[in-house]
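**Q** Below are the sequence and a predicted model; questions follow.
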Amino acid sequence: MNNGAVVKLIDVHKVYRTGEMEVPAVRGVSLDIRRAEFVALMGASGSGKSTLMNILGCLDRPTSGRYFLDDADVSGLDRDRLADIRNRKIGFVFQNFNLLPRTSARENVELPLLYNVQRLTNAQLREKADRVLASVGLVGREDHHPSQLSGGQQQRVAIARALINDPEVVLADEPTGNLDSRTSIEIMGIFQQLNERGITIVMVTHEQDIASYAQRNVEMRDGIVLSDRVVTQRSAAEAELEKAARSTREEAG
Amino acid sequence: MRVGSTFNVAFRALRRNKLRSVLTALGIIIGVGAVIAMVGIGNGAKAQVEAQIASLGQNVILIFSGSTTSSGIRTGWGGAGTLKIEDAEAIRREVPGVAGVSEEVVSTTQVAAGNQNWFTRIYGESADYFDIRQWPLADGAPFTPQDVRSANKVCVIGRTTATQIYGNEDPVGQILRIKEVPFTITGVLTPKGLSPQGVDQDDIVIMPYTSAMKRVIGGTNLRNINVQIGDARQVEAAQQQIIALLRQRHNIRPGRDDDFTVRNQQEIAEAATATSRVMTLLLGAIAGVSLVVGGIGIMNIMLVSVTERTREIGVRMAVGAHGTDILTQFLIEAVTLSSVGGVIGIICGIGASRILSAYAHWPTLISLSSILIAFLFSAAVGVFFGFYPARQAARLDPIEALRYE
């Protein structure tokens, strides 16, 4: 079974029950994501990608089918066990950042550590959070509150929070949805760097040009996988940023 | 396993909303402060009453003429003249264990010396009176049994009377005219302060009861007889013997009501402290209401806070918080608010009762037990009113919570 897949879905179904009606949201998805892959999950709204994302994130359980995360079957676990899995193996990045307001960047990043089995002292928490913040390029912003940070900086804090427990997979739900195009490319740059360091990333997006920063695009429609292909003309964030900078200069000149 | 970090989480959350935390705690501060101050006032009053009852003397039995249950007409204590000097002598002679007896007659009249005069109370007593009431003299000497036997024109005066008539002069040896009869002052009593009824006990002239009956008040009836028993264990028995003796002397047939009333000090104390206990309870209950209101304030704020922080709860759950972690966090927040409020409230309550004591001259007494109870109660208020909002938070679905706008 172990073919290097960190995420393995086998015929996953999810049916929502609203009163008498049964609404199928995911209708038999099988998917393998290998370690150190960067996958973009695409699809229009109602395609089932959000539901699939919730299952991948262990926020929801499949109605039927199996889900192996890091070789462990997590499809039948209870609420608390799922919470532990999320804490240790999954890092979340949200469209609206979801940082705690009036809370420093450092404390936001420390948050998952507070729910870890392993207890750290305040000094250890701080040291670890500062290290991860530095890795996403936020040195000197540790004590800033979200309201004092730009959107891109807030998303970097959120990424740092997702990384703090060294997760098996980072799940990003429309991470660039609230950001301008330049900042979006910067965030993609961070994702590509992380990916090069061997971190598995699954990103939901509906924007084709954002999806082109990933290695592989999985497109969903009506609860099933419509296409699953390797990105041939992959964008590189560094090159795109340089291009953007050059065009700005030309306009100015 | 992670209670420590949950405390950390809860304190961080409280720090984030300083103003709201302070305002919420304020309800508890006021509630606990009011309870502490009110119970302090009640207990202070009770302690004062108890001290005053104790100032009646030790193991004292009071016999009043007239009966509260006299069939037909109620004459009240001391109303009907049924107690005679001979009754007191019989008690002195026949009841075992008696340490002292004082025949008492009471009147109010004008007393004068030089160009000063003063309206005061005249007590006629035996020479045992000062021992019975444990009322020593500040100056001079009490009158003697010989003075009582001969109905000598001597008296002892209280501090208030002395000040009113003689100012700073020494009254001992001076002549005081009472109903135009000149009495020699032999001594001045130590001050005793107010009685439980609020009467100035130092506004008094005490003289031999014989002199009072013969020269000031007239009549042959006693208002009451004060009896002191040497041993506390004999008080009950002595009380029964006094009743039997007086019934026999007054020829009261079995089945008929007494024409006198006997009360021992214990009974008087119980009646008096019962009143102040009721007062303490009432004050405490009123203050307790404000504590409950404070608790409801906490519940209100916690509910608002759960709604407002739905996304936060979603994020916490997404990064690995269990339902119990969220429950404990919100409970700790509520209990922290209420118990910190409790501690500050205790300090404020103590301060308030100090101020009341200092400026309004109300006696207050704050016991360690009332402080402990107030603290535990405020913590319990936090648990009780914090539990429902905390459970609401813990039951949230992380997906819904994350999507909440």
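**A** Nice, thanks for sending it over. Numbering: from 1, shown residues only, chains lettered A, B, ... in the order given.
**Q** Flag the shaky bits of the stretch 1-150 of chain A, pLDDT-wise.
**A** Within the stretch 1-150 of chain A, the set of residues satisfying pLDDT under 70 comprises A:1-3.
**Q** Contact distance from chain B - what residues of it qualify?
**A** Taking CB under 8 Å from any CB of the partner chain as the measure of proximity, the stretch 1-150 of chain A contacts chain B at A:54, A:57, A:59-60, A:79-80, A:83-84, A:86-88, A:92, A:94, A:98-103, A:107, A:111-112, A:114-117, A:119, A:122. Where you see a C-beta, it was placed from the backbone N, CA and C, and this is true even at glycine.
**Q** Okay, and which of those map to helices?
**A** A:54, A:79-80, A:83-84, A:86-88, A:107, A:111-112, A:114, A:122 (DSSP state H).
**Q** Tell me the one of these nearest chain B?
**A** Of all these, the one with the least separation from chain B (CB to the nearest CB) is A:Asn87, at 2.4 Å.
**Q** got the contact list for the closest one?
**A** A:Asn87 sits next to A:Pro112, A:Tyr115, A:Asn116, A:Asn165, B:Val319, B:Gly320 when contact means CB atoms under 8 Å, 6 or more residues apart in numbering or on different chains.
**Q** Please apply the same query to B:Arg247.
**A** B:Asp258 are the contacts of B:Arg247 under CB under 8 Å, 6+ apart.
**Q** got it, and the one 5 residues further on?
**A** Residues counted as contacts of B:Ile252 (CB under 8 Å, 6+ apart) are B:Asp258, B:Asp259.
**Q** which SS state does it fall under?
**A** The three-state assignment at B:Ile252 reads coil, by DSSP: H, G, I helix; E, B strand; the rest coil.
**Q** With B:Gly100 instead?
**A** Relying on three-state DSSP, one would call B:Gly100 strand.
**Q** before we move on, what about B:Arg92?
**A** Per three-state DSSP, B:Arg92 ends up helix.
**Q** Look up how far chain A lies from B:Val293.
**A** Computed as CB to the nearest CB, to the nearest Å, the B:Val293 to chain A distance reads 28 Å.
**Q** Please, which helix or strand holds that residue?
**A** helix B:265-308 (DSSP states H and E).
**Q** what's that helix packed up against?
**A** Helix B:265-308 sits against helix B:18-54, strand B:60-65, helix B:323-355, helix B:368-394, with contacts defined as 3 or more CB pairs under 8 Å, 6 or more residues apart in numbering or on different chains; DSSP states H and E.
**Q** right, and those - which one's nearest A:Ala129?
**A** Of all the helices and strands packed on helix B:265-308, helix B:323-355 sits nearest to A:Ala129, with 19.2 Å by CB to CB.
**Q** Filter the residues of the stretch 1-150 of chain A next to chain B down to just the buried residues.
**A** Burial by neighbour count, 16 or more other CB atoms under 10 Å in any protein chain shown: within the residues of the stretch 1-150 of chain A next to chain B this picks out A:54, A:57, A:59-60, A:83-84, A:86-88, A:92, A:94, A:98-100, A:103, A:107, A:111-112, A:114-116.
**Q** B:Leu176 contacts B:Pro182, doesn't it?
**A** Yes - using CB atoms under 8 Å, B:Leu176 is in contact with B:Pro182, at 7.4 Å.
**Q** more crowded one of these two?
**A** B:Leu176 (25 against 10; other CB atoms under 10 Å in any protein chain shown).
**Q** which residues touch the helix or strand encompassing that one?
**A** Using DSSP H and E, B:Leu176 sits within strand B:175-178. Strand B:175-178 has contacts (CB under 8 Å, 6+ apart) with B:109, B:111-113, B:122, B:155, B:157, B:165, B:182-185, B:205, B:207, B:215-216.
**Q** which of those tops the neighbour count?
**A** Most crowded among those, counting by other CB under 10 Å, is B:Ile157 at 31 neighbours.
**Q** Quick check: that residue touching B:Ile204?
**A** Yes - using CB under 8 Å, B:Ile157 is in contact with B:Ile204, at 7.0 Å.
**Q** Now the common contact residues for those two.
**A** B:Leu189.
**Q** ok, back up a step: make a markdown table from the helices and strands packed on helix B:265-308 and add mean pLDDT and distance to chain A to it.
**A** Below are the helices and strands packed on helix B:265-308 laid out as a markdown table (pLDDT from 0 to 100; distance: least, CB to the nearest CB, whole Å):
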| stretch | mean pLDDT | distance to chain A |
| --- | --- | --- |
| helix B:18-54 | 86 | 10 |
| strand B:60-65 | 88 | 67 |
| helix B:323-355 | 92 | 6 |
| helix B:368-394 | 90 | 10 |
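**Q** For B:Glu270, which of those is the nearest?
**A** helix B:18-54 (9.2 Å).
**Q** who does the closest one touch, helix- and strand-wise?
**A** helix B:265-308, helix B:323-355, helix B:368-394.
**Q** Name the residues of the second one that come out as buried.
**A** Within helix B:323-355, the residues that qualify as buried are B:323, B:325-346, B:348-350, B:352-353, counting by 16+ other CB under 10 Å.
**Q** just the helices in chain A please.
**A** Assigned by DSSP H, the helices in chain A fall at A:49-56, A:79-89, A:105-114, A:122-135, A:151-163, A:181-196, A:208-211, A:237-252.
**Q** For the ones you listed, give me TSV that also has distance to B:Ser195.
**A** TSV is the format used below for those (distance: least, CB to CB, whole Å):
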stretch	distance to B:Ser195
helix A:49-56	79
helix A:79-89	69
helix A:105-114	64
helix A:122-135	63
helix A:151-163	73
helix A:181-196	84
helix A:208-211	90
helix A:237-252	93
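**Q** between those helices, which one is nearest to B:Thr364?
**A** Nearest to B:Thr364 among the helices of chain A is helix A:122-135 (43.4 Å), distances taken as CB to CB.
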